[in-house]
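A.B. asks: below are the sequence and a predicted model; questions follow.
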Amino acid sequence: MRHCARVNGGKRLEHEPDRSALRLAVAAFIVPAIILTAPPALAAFDCTGVTPASNTTLMSVPVVTGLSKRPLFVASPPGDTRRLFVVEQGGFIRIKRRGDPPGAFSTFLDISARVQAAPTLDEMGLLGFAFDPDYGANGAFYVNYTEGPVTGPWFTVVARYLVSGDPDVADPNSEERILRIGQPESNHNGGMLAFGPDGYLYIFTGDGGGGGDQHGTCGNGQSRTTLLGKLLRIDVRGTAPVSRPPDCGGAAGTYMIPADNPFAAGPGGDCDEIWAYGLRNPWRPAFDPGTGDLYIADVGQNCWEEINYASSLSLGGENYGWRMMEATHCYNIGQPGCNPPPATCSGVPPCQDPSFTDPIAEYGHGIGCSITGGFVYRGCLMPNLAGVYFYGDYCAGFIKSLRVVGGAATDPRDWTAQLNPGQTLTNSLTSFGVDEEGEPYIVDRKGTVSRILPPMADLEVAGRNTTAPLLLSSATWTWEDLAYDTMAPVSQYRVYRGTPGGTFTCIFTTPTPQWAGGDPASPGTGQLFAYVVTAVGPSGQETKGGEPPVNLLPGTCP
């Protein structure tokens, strides 16, 4: 399996040897040419040389362990397939390098002294992190954190930082504050940052907290004169062809506002920064890297969790209904029950008004209590999942998925038994993340990041250079380091020898992806040896022998 790397403007950002099933044919006199056909590339990632798995089941493998400051997000810089960056709520960003043991990581940024993350203020802390799309050139990244004393007042801070001369260490003194928003309560801070397909920074804010969106005449979510309970869209890179200065963010804001924001009419009235509104506490929204569509998981009040959706063709201005609605149901502050009578508030649309944008999916608190938004899969390894949106629930620890077809949710699936078999994610499923190969991760508040993978039986081992067939005279036979490429643990590799179309017998095992000297045996004149390499995990499960699968003879390996 070769690493797949994100494509930027049609240019490959990283080159690795091609992958195909390792079937090395060795003849006495002539080695036949091997013709490889790569699967078609998806929009967001270069899949050249990646042999896809035909899996219908999944597994999760811990790849980072021992995190002690409440991890809640994971990402990778553009084009970087060798490092994972893990955000911890306590004010730290850690780096996990591919190939290192799960417990080995380093500190990229420590702003714990600036961040309010007291255990008694459980929804505050370092909450958001996004790399500048030009990170490789400018070294800029953005964070969203809360500040203020334990007793308040509290503020949300969106700031830009720069990497230092060491690519594994950020400059803690490089902070440039972009935006500062007052928070009336300690909860409902939102916190997600994401660059959209248009290159603008999207900031997701909660309603200010306190329960029931109690601040303001009709709540913050429905007020277009506050930045709380919103999706904000700003230009922090100077790329907008026409822009306006900060509006509700104040004169101290160091950003511009794209002129095509739906409420960008200049100072006074509606906040120009707003792209969409009517949100309670959006937790882990995600753009589909293949289409640009937006998914917003919004945490509910007492009864309902919801998933909102906006097509990439959206011009903004969506009103997702809070606090007049909780998902598709009426909400009435102070009224008990999950279907109270509609509330009225002057100047705000009533419950079920057609101007509201309903969620594409919802679920009640009988099965969960706090939705955790996920990702749309567009990676190379599991094409059967292309376009599937994954999400979970912090309290219940379940992991589920759906597809959006024609703007409607379809194909619901529950992956909990496969991805959380021990129910270890109960009250700790804080986030998901995707790396620069398009492959997904689960973030556990208790200190673990796990990768989502096909089972070992659906994976393959590949040759390191399948364009030049491996000869017996080679000093060292090498093949794919499956443990490095997938981050799944490998106990041993097995080399099988056989004849094309026949059975294959295990002739060699090794814990490393190489065989110094190779097979000492030689085929007779006019005969042919063929070889297949597999990997075996700690549980004894073995990878397959290519497509179509070869006949691996059961028996004891040397």
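C.D. replies: Noted; the coordinates are in hand.

A.B. asks: neighbours of Lys69, just the number please.
C.D. replies: 19 (other C-beta atoms under 10 Å). Every C-beta, even on glycine, is put in place using the N, C-alpha and C of the backbone.

A.B. asks: in what helix or strand does it lie?
C.D. replies: For Lys69, there is no enclosing helix or strand under DSSP states H and E.

A.B. asks: kindly report the same for Asp411.
C.D. replies: Taking DSSP H and E as the criterion, Asp411 maps to strand 408-414.

A.B. asks: list the buried residues for that strand?
C.D. replies: When burial is assessed from 16 or more other C-beta atoms under 10 Å, strand 408-414 yields the following buried residues: Ala409.

A.B. asks: domains of this protein?
C.D. replies: Taking automatic domain parsing as the criterion, the chain consists of the domains 5-43+459-552, 59-456.

A.B. asks: can you lay out the ones you listed as CSV showing mean pLDDT and distance to Val50?
C.D. replies: Below are those laid out as CSV (pLDDT from 0 to 100; distance: least, C-beta to C-beta, whole Å):
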stretch, mean pLDDT, distance to Val50
domain 5-43+459-552, 69, 6
domain 59-456, 97, 4
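
A.B. asks: please identify the most buried of those domains.
C.D. replies: domain 59-456 (a mean of 20; mean count of other C-beta atoms under 10 Å).

A.B. asks: what about it, start to end distance?
C.D. replies: The separation between the terminal residues of domain 59-456, taken as C-alpha to C-alpha, to the nearest Å, is 9 Å.

A.B. asks: what's the answer for stretch 152-171, then?
C.D. replies: Note: stretch 152-171 ends 28 Å apart using C-alpha to C-alpha.

A.B. asks: can you check stretch 248-259 too?
C.D. replies: 15 Å.

A.B. asks: gap between it and the chain center?
C.D. replies: With C-alpha atoms, centre = their mean, to the nearest Å as the basis, stretch 248-259 stands 29 Å off its chain's centre.

A.B. asks: ok, now stretch 171-189?
C.D. replies: 23 Å.

A.B. asks: Arg94 touches Arg83, doesn't it?
C.D. replies: No. In this structure Arg94 lies outside contact range of Arg83 using C-beta atoms under 8 Å: 10.2 Å.

A.B. asks: tell me which other helices or strands the top strand by length along the chain touches.
C.D. replies: Longest strand in the chain by number of residues (criterion: DSSP state E): strand 170-183. Packed against strand 170-183, as judged by 3 or more C-beta pairs under 8 Å, 6 or more residues apart in numbering; DSSP states H and E, are the following elements: strand 106-110, strand 140-147, strand 154-163, strand 230-234.

A.B. asks: using CSV, write down the CA coordinates of stretch 349-368.
C.D. replies: Output in CSV follows, covering the C-alpha atoms of stretch 349-368 (Å, rounded to 0.1, in the frame of the first residue of the first chain):
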residue,chain,number,x,y,z
PRO,A,349,-40.2,33.2,12.5
PRO,A,350,-42.5,30.9,14.4
CYS,A,351,-41.9,27.1,14.8
GLN,A,352,-42.2,25.2,11.6
ASP,A,353,-41.8,28.3,9.5
PRO,A,354,-40.7,27.5,5.9
SER,A,355,-37.9,29.9,6.2
PHE,A,356,-36.1,27.5,8.6
THR,A,357,-33.7,24.9,7.1
ASP,A,358,-34.6,21.5,8.7
PRO,A,359,-31.9,19.0,9.5
ILE,A,360,-31.4,16.0,7.3
ALA,A,361,-31.3,13.7,10.3
GLU,A,362,-32.1,13.7,14.0
TYR,A,363,-32.3,11.4,16.9
GLY,A,364,-33.8,11.5,20.4
HIS,A,365,-32.1,11.4,23.8
GLY,A,366,-33.3,7.9,24.3
ILE,A,367,-30.3,6.7,22.4
GLY,A,368,-27.8,9.5,23.0
